[in-house]
Structure formats: structure tokens, C-alpha cells
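Undergrad: here is my input, please return the structure:
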Amino acid sequence: MQLTPLTAVSPLDGRYAGKLAPLRPIMSELGYMQRRVQVELTWFIALSDAGFDEFKPLPPEARAYLLGLVRDFSEADGQAIKDIEKTTNHDVKAVEYWIKAQFDGRPELLAASEFVHFACTSEDINNTSHALQLKAARDDVLLPLLDRVIDTLRLLAHHHAHVPMLSRTHGQTASPTTVGKELANVVARLDKAHAQIAGVKLLAKMNGAVGNYNAHLSAWPDFDWEAFSRRVIESPEPSGLGLSFQIYSTQIEPHDYMAELFDAVARANTICIDLARDIWGYISLGYFKQKTRAGEIGSSTMPHKVNPIDFENAEGNYGLANALLRHLSEKLPISRWQRDLTDSTVLRNMGVALGYATLAHQSLLTGLNKLELNEAALSADLDAAWEVLAEPIQTVMRRYGVPGAYEKLKDATRGQAVTREALHGLIRALDIPQAEKDRLLALTPASYVGKAVALARRG
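TA: Down below sits the predicted model:
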């Protein structure tokens, strides 16, 4: 059976293949191979500039050719490496052999071919390639999507800053807020989550089979290999890799930074799950309507339905992403002795975890952009909840020393249907200044929103 979106096992490459197009060149096997080639050739060119008599600096045309191999790396190149791997049964060695094959007809490169993969263990290539993948996925796909979510929420928060809404703590009527303020709460949380994702340093090591530069020093004992490795890893592309240097490692980079990154992404996802569920509930209450699209069907049997499927899809995909991200963050920092191979299998699923997060952000954005506020429903709920004014009335009573203020309002309101007239009768009977009575009498559930409007506009 030929692999197509219809026959793919994973929905990321099946039903949702089109939505994952930005991530595919980065997190696919092809993307991984391209970055392995990048690391090998960056190391190779840097060795030519290290001052060794045995490896003179490469001429400009040779450097340009090598950089072109990275820039123009194609699916055919990836397949050629896979074909070599059928013989080597070793993926990194296949990359090395493919690079050497590209030296044919170029004497200056053929003469230096033994410096390809020089003093490297496979993990020197792999861990740097993974870091480059994560850098591109984070900076070019995930964070821009999260920016769009935050920007959309901020616009909605500002636009609806003044629209009062009944709160529901524990699912029960509570002190009013505004629609904008509730969205601003999420913006503040996601701003912090965004900064935490962006702030994770992506680490890489190139220090040999067990992290001690053993092979390097056997060739040139007096050369400062640690400083050289740091330059290759930290120098900006194309002379380096633009990553952060990992000083201590075994054969593998410890993956603690990966755990930090995946935990940060999962935390942002969790905030978005919280939002998706709340919006789902507000749609159910009628606070929001959803824009309809011609030809779209909400139910196969109930023609009236406009289901909140974008928020449900987002919630489900965030959950899948977090399940994988949390396994990655718990498993990857653990390796037996100087290394075992369990990390290799797990690392190949980074793209799956990030793919579900990408898909979830897209669904959430689609849902947010379809929302229309139903101010009539919000107003009706507020007008039926005069009991929420028990809080300000008893607070003013406390200010003026009225004994048993809380208890009196509790007796008058708890578990009872409270009307405007009943509250006004209670206020008029209070032993407080007339100006305070007038202020309380003017208060309505819709106007009792505290500083919500200002907070919403500030966010």
C-alpha cells in the first residue's frame, strides 16, 4: 500500500498533513539528515581553519560548495543517504560516506576527506542536529503561532474590556467581571509562558565518545579542543551552529535543556487547554456565538447545531502533545552509565509532540476568530443575579461598623432568589450615611466590576 494522507497511520501525516507543512521540513527525517550534514560540514570547515599543518584552510570556492550542499539539500539527497544506510546499518556513518562521495572531482576536498567526522562520535553529530531542529521548530513555528494566539486574545480583551460578565466561581454566580478582563488573565499567563519557552538555552556538545576529548587529544595533544568546540557550537551560522555550549557530558548531551523546553511548551499548552474549556463553557451559556460558514454541518441529524469543535479539537491535541512532551521530559535526562540507546528512539518523536501542539494552536486560533459576543445573553444573566451585590453591601456595612454585617447578608441571600427590590429595601434600612446608601442603591450587577475594565485594557 502506498503511503498517502489516506493511508498514513499518524493523523499528522494523514488528515492534518496540510496543516503541518511548516514543521515538516524541520522535524522530519529529511530535516534531521540536513542538519546532520550541516553539523558535519561546519566541523569540517572549522578544522580547516584551526591552524593544523595537515589541513590547510579551504579555498573560498570549496567553502561555497560545501555550504551549498547544506542549503540545497534535497529529498533525493536524503534518499541517497538512506540507500547507503542499507549497507552500513548506521545512519550517521551513512551521512559521512555521502559527504565524502560529494568530494568526487574536487581534489582539494578529496585530499582532506579523512577530516570528515574527525574525532567525532555519532552523538556529537546527533545532539547538535537535534538542537538545531528544536531551534528552528521553536523560533520559526511554535513561538510565531503562540504570538498569534496571544495577539488575538489581547485584541479581544481590549475590544471587550468594558463588557460586564457574571463570574461563576465553583460554577455558582459570583462577583461580576468583564469579558475582556477574563481574556486578559490568559494573555498575562501566556506572555510569561512564551518568555519561558523562548528563554531556554539550546545546548550542544562536541567532545567525543565519553565527553573527554580523548580522540582529539590523541591527534593534537597541545591543541585547546574545548575552546575550539565551543567556538564551533556558539559562533553564529554559517561559521558555527549558533547554539549554547555544553561543558560536561557523557557520550550524550544530558538532555536537561530539552526537558526544560518541553516542560515550558507543555505549560503553555495547559494554559490553552484551560482557555479552550472556558470558551467552550461560555459558548454553551450563550455568551458567545460562532460565525457560520456556508455548507458547513454541525450535526448529521440536528440541523440547528453549531458545535464548538475548534476548541474541542484544540483541547484534544494539546492533551496529546502534553502526554508526549511529559514523557520526553521525564525520560530523556535518564541514561544508563555513559549512554544507552533508549533516548534515540524517543527523540525521533519530538516532531510528533510538537506537531500536536502546532495543530492545537491552529485549531484554537480558528475558534477564536469565529467568536461573536452575545451581549444580550450576558446582560440577561447579570440582571438575574442581584444576589452578587451582597458582597459590596456587607463590605460597606463593615466599614461603618454595622454589627454582624456578613451574617445579615448571608441570611438574606444564601440559597435564595434575590430581587432588586429586596436588596434596595435592605439598603434603605441600614444605619449608614445617606450618601453611601445612594451609592449602593445606584449599583447594579453590571456596574459592579471593580477595576476589571482598566486591567483588561492594560494587558
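Undergrad: domains of the protein?
TA: 17-118, 123-374, 385-451 (automatic domain parsing).
Undergrad: kindly check the end-to-end length of the first one for me.
TA: In this case it means domain 17-118. 39 Å (C-alpha to C-alpha, to the nearest Å).
Undergrad: the longest one now?
TA: End-to-end distance for domain 123-374: 57 Å, by C-alpha to C-alpha.
Undergrad: I'd like the mean pLDDT over it, please.
TA: The average pLDDT for domain 123-374 rounds to 95.
Undergrad: what's the spacing between it and its chain's center?
TA: 2 Å (C-alpha atoms, centre = their mean, to the nearest Å).
Undergrad: again, but for the shortest one
TA: Averaging C-alpha positions (C-alpha atoms, centre = their mean) puts domain 385-451 45 Å from its chain's average.
Undergrad: what does the first one give?
TA: Taking C-alpha atoms, centre = their mean, the mean C-alpha location of domain 17-118 is offset from the chain mean by 30 Å.
Undergrad: so where's the stretch 351-459 of the chain shaky on pLDDT?
TA: Along the stretch 351-459 of the chain, no part satisfies pLDDT under 70.
Undergrad: can we see that at 80?
TA: 405-406, 408-416, 459 (pLDDT under 80).
Undergrad: what ranges do the helices span in it?
TA: 375-383, 390-399, 405-413, 420-428, 434-442, 452-458 (DSSP state H, counting those that start in this stretch).
Undergrad: of those helices, which is nearest A264?
TA: helix 452-458 (25.0 Å; C-beta to C-beta). (C-beta placed from N, C-alpha, C; glycine too.)
Undergrad: now what about that closest one, what contacts it?
TA: With C-beta atoms under 8 Å, 6 or more residues apart in numbering as the test, helix 452-458 has contacts from 157-158, 160-162, 164, 176-178, 180-181, 183-184.
Undergrad: try it again with 6 Å
TA: A157, H158, A161, H162, T177, T178, G180, K181, A184 (C-beta atoms under 6 Å, 6 or more residues apart in numbering).
Undergrad: can you pick out the most distant pair from these?
TA: H158 and T177 (15.2 Å).
Undergrad: related to what we said a few turns ago, give me the buried entries from the contacts of helix 452-458.
TA: With burial judged by 16 or more other C-beta atoms under 10 Å, the buried subset of the contacts of helix 452-458 is A157, H158, A161, T177, T178, G180, K181, A184.
Undergrad: save the helices of the stretch 351-459 of the chain as a markdown table, and put in distance to K201 and mean neighbour count too.
TA: Output for the helices of the stretch 351-459 of the chain, formatted as a markdown table (distance: least, C-beta to C-beta, whole Å; neighbours: other C-beta atoms under 10 Å):
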| stretch | distance to K201 | mean neighbour count |
| --- | --- | --- |
| helix 375-383 | 45 | 16 |
| helix 390-399 | 47 | 17 |
| helix 405-413 | 52 | 16 |
| helix 420-428 | 57 | 15 |
| helix 434-442 | 55 | 13 |
| helix 452-458 | 31 | 18 |
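Undergrad: save the ones you listed as CSV, and put in distance to L275 too.
TA: CSV is the format used below for those (distance: least, C-beta to C-beta, whole Å):
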stretch, distance to L275
helix 375-383, 18
helix 390-399, 26
helix 405-413, 31
helix 420-428, 33
helix 434-442, 34
helix 452-458, 15
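Undergrad: narrow the buried ones among the contacts of helix 452-458 to those in strands?
TA: T177, T178 (DSSP state E).
Undergrad: distance to L423 added to the buried ones among the contacts of helix 452-458, as CSV?
TA: Below are these laid out as CSV (distance: C-beta to C-beta, whole Å):
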residue, distance to L423
A157, 31
H158, 33
A161, 27
T177, 20
T178, 22
G180, 27
K181, 24
A184, 30
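Undergrad: of the buried ones among the contacts of helix 452-458, which is the nearest to L368?
TA: A157 (11.3 Å).
Undergrad: quick check: that closest one vs N185, distance?
TA: 9 Å (C-beta to C-beta, to the nearest Å).
Undergrad: next one: G404
TA: Applying C-beta to C-beta to G404 and N185 gives a distance of 34 Å.
Undergrad: just D224 next, same as before
TA: For D224, the distance to N185 - C-beta to C-beta - is 52 Å.
Undergrad: just V149 next, same as before
TA: From V149 over to N185 (counting by C-beta to C-beta), the distance is 14 Å.
Undergrad: now swap in A46 and tell me
TA: From A46 to N185 the distance is 49 Å (C-beta to C-beta).
Undergrad: how about D124?
TA: For D124, the distance to N185 - C-beta to C-beta - is 45 Å.
Undergrad: and those two? which has more neighbours close in?
TA: D124 (27 against 20; other C-beta atoms under 10 Å).
Undergrad: next, count neighbours for the closest residue in space to the more buried one that isn't next to it in sequence.
TA: Excluding the flanking residues, the one nearest D124 by C-beta to C-beta, 6 or more residues apart in numbering is M206, at 4.4 Å. Neighbours of M206 under the rule other C-beta under 10 Å: 30.
Undergrad: my read: M206 touches R231, true?
TA: No. Contact criterion C-beta atoms under 6 Å: M206 and R231 do not qualify, at 10.4 Å.
Undergrad: any idea which element L6 lies in?
TA: Assigned by DSSP states H and E, L6 belongs to no helix or strand.
Undergrad: and it, how many neighbours does it have?
TA: Neighbours of L6 (other C-beta under 10 Å): 9.
Undergrad: do you know the pLDDT at it?
TA: At L6, pLDDT is 88.
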